[in-house]
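Peer 1: Give me the fold of what follows.
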Amino acid sequence: MASTSRSTTAGPQATIFDDRAYVEAGGLVNYGADWMKLMELTGGYAARVLKGEKPADLPIQQATKFEMVINLKTAKALGLSVPQKLQLLADDVVE
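Peer 2: Reported below is the predicted structural model:
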């Protein structure tokens with residue numbers, strides 16, 4: 001992960017990741033599903049199967065909560081400005 005984030009700041013490449021850990025390690029932006037919520041859904045499915053429900057009878061579910069994190073330090077290093085409105089929409093801003 002760190003090497004991927006490091007390589008994105010080596011040249012003028014704006015990158016978007018699906019996991020906030022990449023942004024915390026130096027990536028520009030993440031927009032993706034809330035991994036903790038997905039793990040909760042998976043655990044719920046596992047519990048239902050262990051209690052005897054048939055996997056084929058379980059409904060299909062998908063992520064309903066997404067998050068966006070912006071790394072302003074990386075944006076500055078890339079010579080990019082992030083509009084204030086976008087910063088306000090973000091769930092978290094790394095400075």
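
Peer 1: And the strands in this structure?
Peer 2: 16-17, 29-33, 66-71, 92-94 (DSSP state E).

Peer 1: Looking at these, which is nearest to P55?
Peer 2: Nearest to P55, of all these, is strand 29-33, at 21.2 Å by C-beta to C-beta. Using the backbone N, CA and C atoms, a C-beta is placed for each residue, glycine as well.

Peer 1: Output the longest helix along the chain as PDB, restricted to C-alpha atoms.
Peer 2: In terms of residue count, the longest helix belonging to the chain (DSSP state H) is helix 35-50. Taking Å, rounded to 0.1, in the frame of the first residue of the first chain, the C-alpha atoms of helix 35-50 are listed here in PDB:
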ATOM      1  CA  TRP A  35     -15.400  -1.500   4.700                       C
ATOM      2  CA  MET A  36     -16.500  -1.900   8.300                       C
ATOM      3  CA  LYS A  37     -20.200  -1.900   7.200                       C
ATOM      4  CA  LEU A  38     -19.400  -4.500   4.500                       C
ATOM      5  CA  MET A  39     -17.800  -6.700   7.100                       C
ATOM      6  CA  GLU A  40     -20.800  -6.300   9.400                       C
ATOM      7  CA  LEU A  41     -23.000  -7.500   6.500                       C
ATOM      8  CA  THR A  42     -20.700 -10.400   5.800                       C
ATOM      9  CA  GLY A  43     -20.800 -11.400   9.500                       C
ATOM     10  CA  GLY A  44     -24.500 -11.200   9.500                       C
ATOM     11  CA  TYR A  45     -24.700 -13.600   6.500                       C
ATOM     12  CA  ALA A  46     -22.300 -16.000   8.100                       C
ATOM     13  CA  ALA A  47     -24.300 -16.000  11.300                       C
ATOM     14  CA  ARG A  48     -27.500 -16.700   9.400                       C
ATOM     15  CA  VAL A  49     -25.900 -19.700   7.600                       C
ATOM     16  CA  LEU A  50     -24.500 -21.000  10.800                       C
END
